[in-house]
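[1] Below are the sequence and a predicted model for it; my questions follow.
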Number of protein chains: 2
Amino acid sequence: MKLQVAIDRIELNDAIKLAQKLDPIVNIIEFGTSLVKDYGLLALNKERLGIKHAEVLLDLKTIDEGAYEFTKGFQTGADILTVMGAASQGTLTTTYQIAQQTQRQMFIDLMEVTDQKIQQIADFEDAIYGLHHAKDSQNSFNATKAVAMFHQKYPQIKRLNVAGGIDLTTARQLSNQNLVETVIVGSKIVKAADPIVAAKEFMEVIR
Amino acid sequence: MKLQVAIDRIELNDAIKLAQKLDPIVNIIEFGTSLVKDYGLLALNKERLGIKHAEVLLDLKTIDEGAYEFTKGFQTGADILTVMGAASQGTLTTTYQIAQQTQRQMFIDLMEVTDQKIQQIADFEDAIYGLHHAKDSQNSFNATKAVAMFHQKYPQIKRLNVAGGIDLTTARQLSNQNLVETVIVGSKIVKAADPIVAAKEFMEVIR
């Protein structure tokens, strides 16, 4: 299992400093939607951010204008871009084509997507599907249970990621469960007393 | 009926020049999602953009993290921010509260939202509801027909806007129909040989 660290809702300079420290340790560094919307894609060029080892995911949350956003997004050097499962089939098809052509990755965020819609969009073979617990949701979230249920419903989806309040215990459970390609961790690393130590602990338990 | 001009997918400097020229003519100037995601909210401060007469709408397309995005968005001085109807009820409730508290406007983008979901979110009394034809959609769009059908289904929604390939003829029809508060025009003004002349023509037909 891989570890993706989500950096979000902090100042860009702090995000860059943290990302550079995490770069040699974790698999994927996510620059969250807040960084995209506050500072813009032009401020998030992978080379200028100084990310050398990890993959970079920009949480674009594209929901329309797929060609424009994915073209601009990959021009930053990003390895993975996100699109909302709630987008139209046309948007998803367009962003998938661009990801395939540029040999990059498309991550489909399944937040607030109905079962019926998931069935309709489950056939992007190389896409990463993200079980994502909305930050604004009032409900609690059991990640391993959600993953098991999802896998049972959509066995055709091979690449599954999960995000939403993941701690060390949950990360270990997900690793043992062996259904998820990447676990996404935010505050449990970014807001830890020592994010580097925390990231290393997560890398240990998901081995 | 009011006129909103949507400026999108051009360089920020060109967007600002055009916006300042349109400012004394039109009712609302929209800075599109591409400008938000390419340049960031920090580059879209209303005062620094030099917009003095028109209202400013930033097409944030919030789908999660409602409190963060609407707080940051209104800090730019924007009068109206957009949230996706596809967002969770929690997100919509949060963004509505922030708009009410700050005496600004929330615009709900209904793109790819099911009838069932619209019924669930139809009760934000002061919100503006936007019928929005996805740019990536393959289907054609008849704005007056869509508005008439929408009004019949959801008579409780008082503030309705419409966007998607609106030309002068359609704008006149919508004005006569008298169901829409604001018509949103993009390329028919922004890509016209003379955008100022085009904007004035639209203002004439919607009077």
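    On my side now, so go ahead.
[2] For chain A, what lies in contact range of chain B?
    A:9, A:33-34, A:36-43, A:60-61, A:63-69, A:72, A:84, A:86-88, A:90-91, A:94, A:111-112, A:114, A:134-138 (CB under 8 Å from any CB of the partner chain). Where you see a C-beta, it was placed from the backbone N, CA and C, and this is true even at glycine.
[3] list the contacts for the residue in chain A positioned nearest to chain B?
    Minimum separation of chain A from chain B (CB to the nearest CB) falls at residue A:40, amounting to 3.4 Å. By CB atoms under 8 Å, 6 or more residues apart in numbering or on different chains, the residues touching residue A:40 are B:36, B:37, B:38, B:39, B:40, B:42, B:43.
[4] Tell me where chain A is predicted with low confidence.
    A:134-139 (pLDDT under 70).
[5] between the longest strand along chain A and strand B:55-62, how many degrees?
    Longest strand in chain A, counting residues (DSSP state E): strand A:55-62. Put simply, strand A:55-62 runs at 130 degrees to strand B:55-62, going by axes from the mean of the first three to the mean of the last three CA atoms, to 10 degrees.
[6] Partner strands of strand A:55-62 and their direction?
    The pairing partners recorded for strand A:55-62 under DSSP bridges are strand A:28-31 (parallel), strand A:80-84 (parallel).
[7] so of those, which one's packed in deepest?
    strand A:80-84 (a mean of 27; mean count of other CB atoms under 10 Å in any protein chain shown).
[8] what packs against the top helix by length along chain A?
    When chain A is parsed with DSSP state H, its longest helix is helix A:89-101. If contacts are counted by 3 or more CB pairs under 8 Å, 6 or more residues apart in numbering or on different chains; DSSP states H and E, helix A:89-101 sits against helix A:66-75, strand A:80-84, strand A:105-109.
[9] Show me what the last one is packed up against.
    Translated: strand A:105-109. Contact here means 3+ CB pairs under 8 Å, 6+ apart; on that basis strand A:105-109 packs against strand A:55-62, strand A:80-84, helix A:89-101, strand A:128-132.
[10] now with 7 Å?
    Counting contacts by 3 or more CB pairs under 7 Å, 6 or more residues apart in numbering or on different chains; DSSP states H and E, strand A:105-109 packs against strand A:80-84, helix A:89-101, strand A:128-132.
[11] Need the winner for burial among these.
    strand A:80-84 (a mean of 27).
[12] by how many degrees do that one and helix A:66-75 diverge?
    Going by the same axes, to 10 degrees, strand A:80-84 makes 150 degrees with helix A:66-75.
[13] Buried residues, the helix or strand where residue A:118 lies. List them.
    Residue A:118 is part of helix A:115-120, with elements assigned from DSSP states H and E. Buried residues in helix A:115-120, counted by 16 or more other CB atoms under 10 Å in any protein chain shown: A:117, A:118.
[14] same check, this time on stretch A:55-66
    Buried-residue list, stretch A:55-66, by 16+ other CB under 10 Å: A:55, A:56, A:57, A:58, A:59, A:60, A:61, A:62, A:63, A:64, A:65, A:66.
[15] Identify, from those residues, the entry nearest to residue B:23.
    Comparing the buried residues of stretch A:55-66 against residue B:23 with CB to CB picks out residue A:65 as the nearest, at 24.8 Å.
[16] still on that earlier bit, pull the residues that contact the helix holding residue A:118.
    Residues outside helix A:115-120 that contact it (CB atoms under 7 Å, 6 or more residues apart in numbering or on different chains): A:85, A:89, A:110, A:153, A:154.
[17] how about the nearest residue to the fourth one, chain neighbours excluded?
    In space, residue A:153 comes closest to residue A:115 once its chain neighbours are excluded; the distance is 7.0 Å by CB to CB, 6 or more residues apart in numbering or on different chains.
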